[in-house]
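K.L.:
missing the sequence, but the structure's below:
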């Protein structure tokens, strides 16, 4: 996960949080799209790692970010998977064969 060494990682994290905060309810995007949108293509895993570190009481809509196939990245059946899917379905996101339609 080596980002350009001159980049302030706190600034990159803030850009990730800001991008995620802009995702409207009922829509989803991918880790890779977030990375590309903030100017760090090929750093989708860093986006995921950043979101994974959010405090449990965070109000950031982390659940609106999926993998590149439009699927939830957590292992199916885990509590995290169930929570993310429930949150998305409550917002009207439809899953077909485990995938949602990505925006962006």
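P.N.:
Looks like it arrived, so ask away. Bear in mind that the values here come from a model prediction, so they are computed numbers and not experimental data. Numbers count the residues shown, from 1 in each chain.

K.L.:
out of the helices and strands in the protein, which is least certain?
P.N.:
helix 9-21 (a mean of 93; mean pLDDT, DSSP states H and E).

K.L.:
sheet-wise, list the partners of whatever helix or strand comes next after that one with their directions.
P.N.:
Next helix or strand after helix 9-21 toward the C-terminus (DSSP states H and E): strand 29-30. Strand 29-30 pairs in its sheet with strand 65-66 (parallel), by DSSP bridges.

K.L.:
and for the partner strand, what's in contact with it?
P.N.:
20, 23, 28-31, 34, 47-48, 51, 72-73, 100, 102 (Cβ atoms under 8 Å, 6 or more residues apart in numbering). C-beta coordinates here come from the backbone N, C-alpha and C atoms, glycine included.

K.L.:
and stretch 25-39, by the same measure?
P.N.:
Under Cβ under 8 Å, 6+ apart, the answer for stretch 25-39 is 12, 15-16, 19-20, 23, 41-48, 51, 61, 64-68, 70, 73, 88, 91-93, 100-104.
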